[in-house]
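A.B. asks: Generate coordinates for the sequence data below:
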Amino acid sequence: LEAWKRHFILEESMLEMECTNLTPQNVLATSGHVDKFTDMMVKDVETGECFRADKMLEEEIDALIERTPDMPTDVKEGHLRIQRQAENYSLEEIHKLFQQYEIKGIDGHELSKPFDFNLMFETKIGPEGTSVGYLRPETAQGLFVNFKRLLAFNGQQMPFAAAQVGLGFRNEIAPRGGLLRVREFCMAEIEHFLNPRDKKHPKFDRVKDKKLNLFDQEAQLGSGKLTLMTAGEAVEKRIIDNETLAYFMTRTQLFLEKIGLDTGRLRFRQHLKTEMAHYATDCWDMEIKTSYGWIECVGHADRSCYDLEVHGKATNTSMLAAQLLDKPTTIEVVGVEFDRKTIGLTFKKQQKEVISALDELTKSPEDVEDFQARLSAQGSADLKGFTITPKMVKFTKSKKEVQEVKFLPSVIEPSFGIGRILYALMEHSFFQPPDDEQRVVMRFNPQVAPVKACVYPLQGNAEFGPFVNRVADLLTAAGVANKVDSSGQAIGRRYARSDEVGTSFGITVDFDTLKDDTVTIRERDTQAQIRVKIAEVPKIIRDLVSGFSTWDEVATAQTDTPKPPVPPADDDDIDLGFDDEEEEDKDAATKPKSRAEQAKELKAQRDKELEEKKAAALARLAKKEANQRSLCNLEIKPWESEQDLMELFAKIKRTVVMDGLKWSENCALVDVAFGIKK
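C.D. replies: Sure, this is the predicted structure:
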């Protein structure tokens with residue numbers, strides 16, 4: 001969800017809103033869910049067990065094909081064509097198919113005729129129980145009824161988008177498939193409001209060359225084959241209705257690829273006309289191939305102006321938005337004059353409804369022209385169930401200069417089923433090396449891995465403990481989810497255990513850490529390792545997890561960067577480089593040495609001295625673990641001048657003195673904590 005919010009809400013500058021799970025009946029009755037949010041169901045007439053009719057048909061066709069391996073290709077294609085349309089049949093049509101395929105219940109029991117079953121959970125609101133409500137089947141309605149507030153919060157600017165993440169509830173007939181079909185699930189929905197006469201998107205040029213696997217209506221009813229084409233080409237050929245719909249479809253695919261789903265197992269399937277939701281004018285599902293087949297995970301619908309129109313009428317609230325024009329323009333305005341006497345005598349108590357319908361008609365000049373043509377040709381015309389004659393109404397036209405246009409916004413809606421995406425991600429991330437059947441890896445992208453890094457001590461050596469805790473604390477402070485595995489098992493077993501749950505990186509504290517304050521970082525998929533300073537670990541891991549850098553880039557940078565010389569353990573021997581100016585000037589007159597050569601030479605000079613003092617320094621380290629924590633809590637900033645460095649040392653020294661310890665006893669701690677360089 002964090003990756004989803006960054007990809008959509010943050011990058012698209014969307015508004016975000018949280019609405020209630022409980023929705024009053026009148027809201028969902030207005031939207032059409034009370035009457036139309038149904039699935040077809042059949043019952044076992046003997047046991048009363050319920051089944052979802054379209055899924056039973058699909059499963060029967062799969063079983064038939066499996067039972068008949070020598071089935072002719074054309075016959076098989078005919079069965080598959082029926083299977084693809086299982087959700088689109090009417091009650092009568094699916095009943096005939098049940099008879100054709102001789103579908104029975106468990107133990108051969110007879111099934112009832114298919115009937116509609118509403119998927120919403122009904123409840124009573126208030127102690128009296130007189131008010132009916134539902135657990136929301138989608139989050140979208142909360143955004144629609146709050147459209148005026150969202151528009152005001154956005155400064156009346158159009159177009160704009162609002163997003164919501166929350167729970168949806170559907171009374172599934174036959175929940176199954178783990179996270180695939182459940183009664184309570186997490187949804188992430190976007191409502192993009194725009195001018196219905198201008199569905200272009202300002203960022204479409206950025207994604208128009210992205211190739212998509214499209215399974216359009218024609219292919220579903222015919223060849224059954226996918227078409228690979230760019231988003232721009234699909235809009236140009238009117239396969240996808242408009243730029244904004246195509247833009248969000250493309251952004252969805254980019255998101256799924258970013259979090260680690262296999263591009264070859266992604267496709268967009270267009271809803272058939274008989275399958276289209278009651279509010280949609282065009283709809284594409286992002287389907288992901290899993291072991292259960294192609295699973296719908298993201299819906300992309302052009303909901304037109306339906307939702308705002310019906311809620312506006314039901315509440316007598318204007319849902320119009322305005323958009324300023326670059327320069328004033330002249331438009332044609334249609335007016336209407338009524339013969340109220342004739343309308344009153346003809347429609348009596350319904351005359352207000354007739355007048356309201358005629359007023360609404362004038363908002364669209366095209367609709368007025370069509371209505372007038374029917375009046376002239378037929379002598380009357382039907383308008384929302386009322387028969388209007390030429391005597392009742394007269395339309396007028398006039399010119400008007402305007403600086404803004406008002407319109408009822410259309411809505412483009414991407415709707416994400418988070419649970420289904422998560423399940424598909426786990427399937428696509430599962431990996432078993434062909435040459436090592438014992439090894440199992442969840443190859444999660446670091447951005448979505450539950451645990452980004454695991455810190456390991458090489459052995460159960462008490463000397464490793466402070467370093468392990470320090471690395472873990474630094475990662476936590478950097479916002480990187482991590483855990484420590486200090487169990488007594490061999491390091492290889494611990495690596496394998498982390499690989500199985502998808503931990504992206506392993507950080508190991510070993511004996512070299514005690515010498516030079518470095519650790520190894522292991523990458524899960526390649527099992528490659530690099531060695532870095534502890535101080536560098538948080539930034540490296542954070543950049544890898546955020547996608548700012550790749551493992552190859554980090555490994556190459558560490559290979560190419562010379563390691564700094566190791567400083568001494570005691571303060572009396574720290575060479576700050578402040579008295580070496582004359583010698584450096586002398587060296588500059590001769591052949592200059594590279595940084596790597598200088599580091600190697602200095603390290604060789606001090607190795608012997610360092611070895612002698614190492615044992616004593618490490619003993620003091622173990623005793624002063626509490627003091628280590630206070631040192632690590634200091635605010636460390638990069639230093640560039642001598643003065644900055646001296647101020648840093650003074651700050652460290654003050655901290656040590658406050659802890660009642662001597663400065664000379666803690667130089668080793670300073671060395672380990674800060675990796676001081678000459």
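A.B. asks: I figured residue 232 hits residue 209, correct?
C.D. replies: Yes: contact criterion CB atoms under 8 Å: residue 232 and residue 209 qualify, at 6.5 Å. Yep, even glycine has a C-beta here, placed from its N, CA and C like the rest.
A.B. asks: contacting residues around stretch 106-119?
C.D. replies: Taking contacts as CB atoms under 8 Å, 6 or more residues apart in numbering, the residues outside stretch 106-119 that touch it are 34, 37-47, 49-51, 53, 91, 94-95, 98, 103-105, 137, 170-173.
A.B. asks: if we go to 6 Å?
C.D. replies: 37-46, 53, 91, 94-95, 105, 170-171 (CB atoms under 6 Å, 6 or more residues apart in numbering).
A.B. asks: and if you look at stretch 356-366?
C.D. replies: By CB under 6 Å, 6+ apart, the list of residues contacting stretch 356-366 reads 334, 336, 367, 383-384, 393.
A.B. asks: Restricted to helices, list the residues you listed.
C.D. replies: residue 367 (DSSP state H).
A.B. asks: quick one: which of the contacts of stretch 356-366 has the most company?
C.D. replies: residue 393 (22 neighbours; other CB atoms under 10 Å).
A.B. asks: Over to the residue lying closest to residue 214 once chain neighbours are set aside: give its phi and psi.
C.D. replies: Spatial nearest neighbour of residue 214, excluding adjacent residues (CB to CB, 6 or more residues apart in numbering): residue 227 at 4.9 Å. Residue 227 adopts backbone torsions of phi -120, psi 130, taken as degrees, to the nearest 10.
A.B. asks: what's the most distant pair in the contacts of stretch 356-366?
C.D. replies: The largest separation in the contacts of stretch 356-366, counting by CB to CB, is between 334 and 384 at 17.7 Å.
A.B. asks: Could you check how far residue 138 is from residue 415?
C.D. replies: Separation of residue 138 from residue 415 (CB to CB, to the nearest Å) stands at 7 Å.
A.B. asks: tell me, what's touching these two both at once?
C.D. replies: With CB under 6 Å, 6+ apart as the test, residue 138 and residue 415 reach no residue in common.
A.B. asks: ok, longest strand in this structure?
C.D. replies: Identified as the longest strand of the chain according to DSSP state E is strand 321-338.
A.B. asks: And for it, what's in contact with it?
C.D. replies: For strand 321-338, using CB under 6 Å, 6+ apart, the contacting residues are 158, 358, 362, 365, 368, 393-406, 409.
A.B. asks: looking at this, residue 267 is in a helix?
C.D. replies: No: read with DSSP: H, G, I helix; E, B strand; the rest coil, residue 267 is strand and lies in no helix.
A.B. asks: give me the number of residues near the closest residue to it other than its chain neighbours?
C.D. replies: Closest residue to residue 267 apart from its sequence neighbours, by CB to CB, 6+ apart: residue 213 at 4.2 Å. By the other CB under 10 Å criterion, the neighbourhood of residue 213 contains 18 residues.
A.B. asks: Relative to the host helix or strand of residue 213, what are the paired strands and their orientations?
C.D. replies: According to DSSP states H and E, residue 213 maps onto strand 211-215. The strands beside strand 211-215 in its sheet (DSSP bridges) come out as strand 227-230 (antiparallel), strand 266-270 (parallel).
A.B. asks: Can you show me the CA trace of the shortest one as CSV?
C.D. replies: Looking back up the chat, that one is strand 227-230. Output of strand 227-230 as CSV, limited to C-alpha atoms (Å, rounded to 0.1, in the frame of the first residue of the first chain):
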residue,chain,number,x,y,z
THR,A,227,-2.9,-8.1,-29.1
LEU,A,228,0.3,-6.4,-28.1
MET,A,229,0.3,-2.6,-28.9
THR,A,230,1.2,0.7,-27.5
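A.B. asks: Give me the buried positions along stretch 433-453.
C.D. replies: 441-442, 444-449, 451-453 (16 or more other CB atoms under 10 Å).
A.B. asks: Also stretch 421-432?
C.D. replies: Applying 16+ other CB under 10 Å to stretch 421-432 flags 421-425, 427-429 as buried.
A.B. asks: before we move on, what about stretch 48-58?
C.D. replies: 51-58.
A.B. asks: Same check on stretch 25-34?
C.D. replies: 25, 27-28, 30-31, 33-34.
A.B. asks: repeat for stretch 233-247
C.D. replies: Here stretch 233-247 shows 233-235, 239-247 as buried, counting by 16+ other CB under 10 Å.
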